[in-house]
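Peer 1: mind folding the following:
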Amino acid sequence: MTEVMRVALGQHSAATHDYLTFAKQLGVGGVQFNMIGKHIGLIPEDLDLPEDKGYWDAAELIELKQRVNDYDLRLEAIENVPRSFYIDAMLNGPRRDEQIASYQRTVRSLGEAGIPVLGINWMPNLVWRTPMQAGRGGVIVTAFDMERVLAGEVVAGITDVAEAEDRQYSEAEIFDNYVYFMERVIPVAEQAGVKIALHPDDPPVESLGGIARVFYKPDNFKRALEAVPSPSHGLDFCMGCFSEMVYADRSNNDGVLDAMRYFGERGKIFYVHFRDVQGCVPKFQECFPGEGNVNVVQAVKTLKEVGFTGFIIDDHVPEMLDDSDWNHRGHAYSTGYIMALVEAVNQLV
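Peer 2: Presented below is the predicted three-dimensional model:
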């Protein structure tokens, strides 16, 4: 079957009945899970969690995929392993090579389970945000303001990594750690039939908490992909993060679309986070699709023009009135909006 650009539901960490039923009701064909815990997200939710082995076995991934398939859905990808699985690889700690071997094992397990994509980020101290802001009609959205970071108003992110290590980390060092990691992981991914999709730094600033950021500008993605060239090495193209990098008004927005075109033409976009922001670093806040920096119609047309045949998810969404703890109302709005865009462009372009 020829693959076409399509929409999935993502950014959830457990294969619950409610989540999978919600995906079916929305009309998407597949789901993606963001695995932020040490387990795979199976239910029942009171399942005894396995010991933190530092990797995932094929059997548990196969079980997860089967549960998704039981709802007549496709498991498109898993995004992220727990930070504890590879923190020493990111920071060149004493367990670096041990953790790389465990990550290789996880990649092989995905291949055995038939899960085609594994997303990764290279943020040792994770995503940072300052206090929430109000968006359209009073919805609650995440925000970032460097002035508030400097004042100590951080509500998300890990701020104590550098202090615990009692040192600073340079951009060159973090980049070299990434190349060392991928030189050992990508050959295994090729053998397993798995694609590794790199997410940008969020927020895309040069350094936070004493640790340099690497993937905060397009040139560094180009360098990384050239350093470890492979059909299995590409991007989770987070449109929101690229929008955070370079503000471009909606009548032009060349920065985001140029990056989308550059990586898309080279077959390096494995899937897309279709979200946006208002403003850019050092200060921005998230918003609904269509009211941010990017002309979203042109974005989907660009994906079509470069031959993108992967899946698109909405990523972070505003918290709407009476929303659930996983913002299903925000996801319903954003996913429906994206589905209409994709259907129109698939038919007309």
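
Peer 1: mind checking how far the residue nearest to Glu183 when sequence neighbours are not counted is from Phe181?
Peer 2: Spatial nearest neighbour of Glu183, chain neighbours left out: Val228 (5.7 Å); criterion: C-beta to C-beta, 6 or more residues apart in numbering. (C-beta placed from N, C-alpha, C; glycine too.) Noted for Val228: a distance of 9 Å to Phe181, by C-beta to C-beta, to the nearest Å.

Peer 1: try Glu112
Peer 2: Here Glu112 is placed at a distance of 22 Å from Phe181 (C-beta to C-beta).

Peer 1: just to revisit the earlier point, so between Val228 and Phe181, which is more surrounded?
Peer 2: Counting neighbours by other C-beta atoms under 10 Å for Val228 and for Phe181 shows that Phe181 has the greater number, 22 against 19.

Peer 1: now that one: how far from Gly292?
Peer 2: Separation of Phe181 from Gly292 (C-beta to C-beta): 32 Å.

Peer 1: can you check Gly234 too?
Peer 2: If you go by C-beta to C-beta, the gap between Gly234 and Gly292 works out to 24 Å.

Peer 1: could you do Val246 as well?
Peer 2: In terms of C-beta to C-beta, Val246 sits 13 Å off from Gly292.

Peer 1: now do the shared contacts for these two.
Peer 2: Residues touching both Val246 and Gly292 (C-beta atoms under 8 Å, 6 or more residues apart in numbering): none.

Peer 1: out of those two, which sits in the busier spot?
Peer 2: More neighbours surround Gly292 than the other of Val246 and Gly292, with 24 against 18 (other C-beta under 10 Å).

Peer 1: may I have the predicted confidence score for that one?
Peer 2: Looking at Gly292, its pLDDT is 94.

Peer 1: and what of Leu47?
Peer 2: pLDDT, Leu47: 43.

Peer 1: output the below-cut-off pLDDT ranges for this protein.
Peer 2: Applying pLDDT under 70 to the chain flags residues 1-2, 36-51, 161-166, 247-253, 349.

Peer 1: ok, the nearest residue to Phe263 once chain neighbours are set aside - contacts?
Peer 2: Distances taken as C-beta to C-beta, 6+ apart place Ile269 nearest to Phe263, at 5.2 Å, with adjacent residues excluded. For Ile269, the contact set (C-beta under 8 Å, 6+ apart) comprises Gly234, Leu235, Phe237, Met260, Phe263, Leu303, Val306, Phe308, Gly310.

Peer 1: could you redo the last one with a cut-off of 7 Å?
Peer 2: Contact partners of Ile269, counting by C-beta atoms under 7 Å, 6 or more residues apart in numbering, are Gly234, Leu235, Phe237, Phe263, Phe308, Gly310.

Peer 1: how about Ile196?
Peer 2: Going by C-beta under 7 Å, 6+ apart, the list of residues near Ile196 reads Leu118, Ile120, Val185, Ile186, Ala189, Ser232, His233.

Peer 1: most neighbours among those, which one is it?
Peer 2: In terms of neighbour count, Leu118 stands highest of the contacts of Ile196 at 28 neighbours, by other C-beta under 10 Å.

Peer 1: before we move on, back to that, among the contacts of Ile269, which one is most surrounded by other residues?
Peer 2: Neighbour tally across the contacts of Ile269 (other C-beta under 10 Å): the maximum, 29 neighbours, falls on Phe237.

Peer 1: looking at this, that one is in a strand?
Peer 2: Yes. Assignment of Phe237 by DSSP: H, G, I helix; E, B strand; the rest coil places it within a strand.

Peer 1: distance-wise, check the residue nearest to Phe263 relative to Ala299.
Peer 2: 12 Å.

Peer 1: tally of neighbours for the residue lying closest to Ala212 once chain neighbours are set aside?
Peer 2: The shortest distance from Ala212 to any non-neighbouring residue, by C-beta to C-beta, 6+ apart, is to Glu171 (4.0 Å). Neighbourhood size, Glu171 [other C-beta under 10 Å]: 15.

Peer 1: thought Ile211 was touching Glu171, still the case?
Peer 2: No. Contact criterion C-beta atoms under 7 Å: Glu171 and Ile211 do not qualify, at 9.7 Å.

Peer 1: all the strands of the stretch 51-200 of the chain, residue numbers only.
Peer 2: With strands called from DSSP state E, counting those that start in this stretch, the stretch 51-200 of the chain shows them at 74-79, 117-121, 130-134, 140-145, 195-199.
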